[in-house]
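K.L.:
sequence isn't available, so here's the structure alone:
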Ligand SMILES: [Zn+2]
Ligand SMILES: [Zn+2]
Ligand SMILES: [Zn+2]
């Protein structure tokens, strides 16, 4: 790389090889005067059981469903599903300009725990490992449906990210087609494999391990890194250390390692601004269309919106809506901040 460019001082663009787009980085702007507030907000105290919560054990949901008295994880078909398995096929195409296709799918909700007040960061490791096992089972079960070609497992945490309920849960959307972002990443990984004979993310992980600059934490099976091309201030990528294409290839030990690394990164997040840290996270992995997809490398993205404090968030507006993503604090600085943030669960 050209050493004339000072990545910590001069405005520059960084290449995101997974999405194949540029990210503008403006490190000099972190010097600018900031007049916003920096107050801490006390984490809201939540009860272990909330009679109003539609995810707590024994409570009623929409359409007259009643949750069982579950004691571990609990999965059910979303009462307000964005996709339905029974949608009839059909579509339209007018001059390649007005194009639509019917889309079938199955949407589920997975409760991580019967406890309303817990989060990934403060769940017991054994309980969180059961959640990982449930993700693997759901990926397998939904992926085995002959018309389902992609399974997206994701969690929205915090009101700031639009989560409608604080009860610890995630969603699984299984589609007839592979959605936009995984398609982009698939093309990038497949092209890289075709031209170099190597896996894009295996090679990327090697570079990160060599420099160490952007590594946040790691265990035997997973590494957390602030990607070189991160857009969100404290965005991280959770990478499988070995080349596995999807979560169904993790054995019991690796499932536990995944639970461990998720608990550790979310604890670091919570401690950063001493607040339950909002984020959207989710997995990217092999589509379930029956092909081997050697190019796919299992990973999870965390996209948290917070920038300077519990209340100051980044907005994707202006230049970002109209031109392209931009950030001020460098990924290296963000990694350093996360490295010094403790891994002990935040006391509420
Ligand atoms: Zn609840
Ligand atoms: Zn790989
Ligand atoms: Zn991805």
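P.N.:
Structure received. Predicted model, so just to flag it, every value in this text is computed and none were measured. Ligands and ions are numbered 1, 2, ... in the order given.
K.L.:
quick one: the helices in the stretch 51-200 of the chain, in order.
P.N.:
Shown for the stretch 51-200 of the chain, the helices assigned by DSSP state H, counting those that start in this stretch span residues 125-143, 180-196, 200-211.
K.L.:
closest to ligand 2 out of the ones you listed?
P.N.:
Proximity to ligand 2 (Cβ to the ion) singles out helix 200-211 among the helices of the stretch 51-200 of the chain, at 3.3 Å. Every C-beta, even on glycine, is put in place using the N, C-alpha and C of the backbone.
K.L.:
and the closest one, what's buried?
P.N.:
200, 201, 202, 204, 205, 208 (16 or more other Cβ atoms under 10 Å).
K.L.:
now do stretch 226-246
P.N.:
226-241, 244-246.
K.L.:
now check that stretch, is it near ligand 2?
P.N.:
Yes - against ligand 2, stretch 226-246 shows contacts by Cβ under 5 Å from the ion at residue 243.
K.L.:
what's the span of that stretch from first residue to last?
P.N.:
One end of stretch 226-246 to the other measures 21 Å (Cα to Cα, to the nearest Å).
K.L.:
then stretch 284-294?
P.N.:
14 Å.
K.L.:
next step: the buried residues of stretch 226-246 restricted to strands.
P.N.:
Those of the buried residues of stretch 226-246 mapping onto strands are 236, 237, 238, 239, 240, per DSSP state E.
K.L.:
show me which of those is closest to ligand 3.
P.N.:
residue 237 (7.5 Å).
K.L.:
from residue 261, how far out is the closest residue to the closest one other than its chain neighbours?
P.N.:
Closest residue in space to residue 237, ignoring its immediate chain neighbours: residue 227 at 4.7 Å, by Cβ to Cβ, 6 or more residues apart in numbering. Separation of residue 227 from residue 261 (Cβ to Cβ, to the nearest Å): 16 Å.
K.L.:
please apply the same query to residue 345.
P.N.:
Counting by Cβ to Cβ, the gap from residue 345 to residue 261 is 15 Å.
K.L.:
what does this structure have sitting close to ligand 1?
P.N.:
Counting by Cβ under 5 Å from the ion, the residues of the chain that sit close to ligand 1 are 50, 53, 55, 56, 116, 167.
K.L.:
thought residue 167 was touching the first one, still the case?
P.N.:
Yes - under the contact definition of Cβ atoms under 8 Å, residue 50 touches residue 167, with a separation of 7.5 Å.
K.L.:
so what sits against both of these two?
P.N.:
Overlap of the contact sets of residue 50 and residue 167 (by Cβ atoms under 8 Å, 6 or more residues apart in numbering) consists of 56, 116.
K.L.:
between those two, who's got more neighbours?
P.N.:
Neighbours per residue (other Cβ atoms under 10 Å) separate residue 50 from residue 167, with residue 167 holding more: 23 against 16.
K.L.:
list the contacts of the more buried one.
P.N.:
50, 53, 55, 56, 111, 116 are the contacts of residue 167 under Cβ under 8 Å, 6+ apart.
K.L.:
out of those residues, what pair is the most spread apart?
P.N.:
Largest separation among the contacts of residue 167 by Cβ to Cβ: 50 and 111, giving 12.7 Å.
K.L.:
filter the buried residues of helix 200-211 by proximity to ligand 2?
P.N.:
201, 202.
K.L.:
how about a markdown table for the buried residues of helix 200-211, with distance to ligand 3 added?
P.N.:
A markdown table is the format used below for these (distance: Cβ to the ion, whole Å):
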| residue | distance to ligand 3 |
| --- | --- |
| 200 | 10 |
| 201 | 9 |
| 202 | 14 |
| 204 | 11 |
| 205 | 13 |
| 208 | 15 |
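K.L.:
got the buried residues of helix 200-211 as a markdown table, with pLDDT columns?
P.N.:
What follows is the buried residues of helix 200-211, written out as a markdown table (pLDDT from 0 to 100):
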| residue | pLDDT |
| --- | --- |
| 200 | 98 |
| 201 | 98 |
| 202 | 98 |
| 204 | 98 |
| 205 | 98 |
| 208 | 98 |
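K.L.:
contacts only, for the residue nearest to residue 237.
P.N.:
16, 214, 235, 236, 237, 331.
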